[in-house]
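Trainee: fold the following for me, if possible:
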Amino acid sequence: MRKIFTFPNPVNEVAARIVATGVVIMAVAFLITGWRWLLIVLAVGFLLRVASGPRFSPLGQLATKVVVPWLFPSPKLTPGPPKRFAQAVGLTFSVLALVLFEAVGIGAAKIVIACLAVAASLEAFVGLCLGCQGFGFLMKIGIIPESVCLECADISQRYPDLLDTPG
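Mentor: Presented below is the predicted three-dimensional model:
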């Protein structure tokens with residue numbers, strides 16, 4: 001059971017950017033339509049990706065099994081822990097938006113989702129992962145343990161030619 005809920009390490013950076021593109025599309029769709037169910041889809045998608053990477057996420061499966069092999073057959077690997085942290089940040093934002101939608105109204109939810117859309121756009125179109133940047137900062141100040149840093153370093157040694165070092 002424990003093996004089911006693991007996050008891949010390393011992660012294909014291209015697949016992560018494709019997933020971010022899907023998040024941008026859903027976030028913009030929510031900003032235009034205000035449909036509550038899009039917030040639920042965003043939150044559940046992030047939850048599934050935090051729990052097990054792309055394994056149970058329809059968007060993750062589309063990215064890793066269809067789009068990336070078809071359009072980008074050469075992987076560009078990056079350490080998994082920062083990407084998992086970024087997915088957890090996305091989960092936090094999408095759940096916060098859903099709570100605000102219910103408690104305060106659509107306007108507050110749209111502000112949070114607009115911020116999520118900006119962050120996902122930076123990942124998707126520029127390759128700048130704000131969650132990964134935050135992960136690096138938390139490691140620097142000692143909140144994230146050194147053992148996680150060693151795990152990332154191990155990936156760097158195993159895949160030096162394919163690695164795209166995060167932020």
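
Trainee: what's the longest helix in this protein?
Mentor: Ordering each helix of the chain by length in residues (DSSP state H) puts helix 80-103 first.

Trainee: which other residues reach stretch 27-39?
Mentor: Contacts to stretch 27-39, defined as Cβ atoms under 8 Å, 6 or more residues apart in numbering, come from residues 26, 42, 94, 97-98, 101, 106, 109-110, 113-114, 116-117, 120. For every residue, glycine as well, the C-beta is placed using N, CA and C.

Trainee: just the buried ones from these?
Mentor: 26, 42, 94, 97-98, 101, 106, 109-110, 113, 116-117, 120 (16 or more other Cβ atoms under 10 Å).

Trainee: in a markdown table: the residues you listed, plus pLDDT.
Mentor: Below are the buried ones among the contacts of stretch 27-39 laid out as a markdown table (pLDDT from 0 to 100):
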| residue | pLDDT |
| --- | --- |
| Met26 | 98 |
| Leu42 | 98 |
| Ser94 | 98 |
| Ala97 | 98 |
| Leu98 | 98 |
| Phe101 | 98 |
| Ile106 | 98 |
| Ala109 | 98 |
| Lys110 | 98 |
| Ile113 | 98 |
| Leu116 | 98 |
| Ala117 | 98 |
| Ala120 | 98 |
